[in-house]
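>>> Output the structure for:
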Amino acid sequence: MAGSLQGETVLVVGRGSGIARAIVDTAAAEGAHVVAAGRNRDALDAAYKNTPVSVKRVDVTDEASIAALADQVSSVDHVVSTVSARARGAVAELSPEAILLSFHTKVVGPIMLAKHFAPKMPRTGSFVLFSGVAALEPDPGFLAVAATNGSVNVVIRSLAVELAPLRVNAISPGTIDTGAWDGLGERKDAFLEKKSATNPVRRIGTVEDIAQAVVFAMTNTFMTGVSLAVDGGQPLV
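Residues are numbered from 1 along each chain as shown. The predicted structure follows:
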């Protein structure tokens with residue numbers, strides 16, 4: 001049975017742009033009260049100026065910061081963590097520090113969010129974490145990303161059992177044009193064109209595609225322990 005976000009509180013951890021912003025806007029449009037939290041409080045304040053969105057600071061690599069946020073939020077129905085730390089590069093280029101930061105941000109941090117927020121949530125609440133297509137599509141230069149995303153897929157299944165009846169799911173995006181690929185410079189357009197030409201739906205994903213999937217994960221009350229692929233069928237080819 002599908003529920004509704006009307007009147008519910010949704011905590012979205014991430015930046016004030018890209019996928020996180022799309023989730024905030026979509027949840028608010030569905031009638032939710034949204035709390036946006038991230039490391040850069042000033043940037044979030046600017047992003048959500050003149051909106052009803054509440055802004056808080058949190059660093060998911062710091063458990064004390066997560067605990068402080070939980071103390072500030074009186075009640076919450078859904079927690080969405082979009083945060084990540086890039087650890088791209090071939091094996092010869094990877095450092096232990098970059099790999100550990102990726103895990104701490106995308107795996108350990110969300111586990112700590114569950115630790116501190118689950119006790120504040122109603123039985124109908126949910127967590128939505130973020131995995132990614134790299135977990136299913138081995139590609140040179142994405143080893144650490146794949147390992148991190150694969151770990152998220154394991155974490156949600158374990159948390160879904162341990163925190164039941166709270167639901168825990170993940171979204172696994174494919175190639176989404178959020179600005180994350182700007183670092184490719186002049187190669188970006190060719191990269192996106194190749195992905196668009198070869199995946200089964202013949203286009204690149206949008207932040208709206210992901211935000212709609214997150215709302216589905218929050219409101220579908222019979223889905224838990226699932227990593228929902230929103231990737232245009234990318235791993236199939």
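
>>> Using PDB, list the CA coordinates for stretch 34-41.
As requested, C-alpha coordinates have been extracted for stretch 34-41 and formatted as PDB (Å, rounded to 0.1, in the frame of the first residue of the first chain):
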ATOM      1  CA  VAL A  34      11.500  19.100   5.000                       C
ATOM      2  CA  VAL A  35      14.700  19.500   7.000                       C
ATOM      3  CA  ALA A  36      17.800  19.900   4.900                       C
ATOM      4  CA  ALA A  37      21.100  19.100   6.600                       C
ATOM      5  CA  GLY A  38      24.700  19.100   5.500                       C
ATOM      6  CA  ARG A  39      28.300  20.200   6.400                       C
ATOM      7  CA  ASN A  40      28.000  23.600   4.800                       C
ATOM      8  CA  ARG A  41      25.300  25.400   6.800                       C
END
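
>>> for the protein, which spans come out with low pLDDT?
By pLDDT under 70, the low-scoring segments of the chain are 1-2.

>>> can you point me to the longest helix in it?
helix 143-162 (DSSP state H).

>>> Are there helices or strands packed against it, and which ones?
With contacts defined as 3 or more C-beta pairs under 8 Å, 6 or more residues apart in numbering; DSSP states H and E, helix 143-162 has these neighbours: helix 96-103, helix 109-117, strand 126-130, strand 167-173, strand 227-230. (Each C-beta comes from the backbone N, C-alpha and C, glycine too.)

>>> Go again with 6 Å.
With contacts defined as 3 or more C-beta pairs under 6 Å, 6 or more residues apart in numbering; DSSP states H and E, the packing partners of helix 143-162 are helix 96-103, strand 167-173.

>>> With respect to burial, which of those scores highest?
Neighbour counts averaged per stretch over the helices and strands packed on helix 143-162 are highest for strand 167-173, at a mean of 26; criterion: mean count of other C-beta atoms under 10 Å.

>>> Remind me what that strand packs against, helices and strands.
The contact analysis (3+ C-beta pairs under 6 Å, 6+ apart) places strand 167-173 against strand 126-130, helix 143-162, helix 207-219, strand 227-230.

>>> For the protein, list the residue farthest from the centre, please.
Relative to the mean C-alpha coordinate of the chain, counting by C-alpha atoms, centre = their mean, the farthest residue is residue 92 (28.1 Å).

>>> Which of the helices or strands spans the nearest residue to residue 109 once chain neighbours are set aside?
Leaving aside its chain neighbours, residue 109 sits nearest to residue 60 (3.0 Å; criterion: C-beta to C-beta, 6 or more residues apart in numbering). Assigned by DSSP states H and E, residue 60 belongs to neither a helix nor a strand.

>>> tell me the centre residue of this structure?
Central residue of the chain (C-alpha atoms, centre = their mean): residue 82, 2.5 Å from the mean position.

>>> so what's the backbone phi/psi at it?
Backbone torsions for residue 82, taken as degrees, to the nearest 10, come to phi -110, psi 0.

>>> That one contacts residue 19, correct?
Yes - taking contacts as C-beta atoms under 6 Å, residue 82 lies within contact range of residue 19: 5.4 Å.

>>> how about the helices and strands packed on strand 167-173, which one is nearest residue 99?
Closest to residue 99 of the helices and strands packed on strand 167-173 is helix 143-162 (C-beta to C-beta; 4.8 Å).
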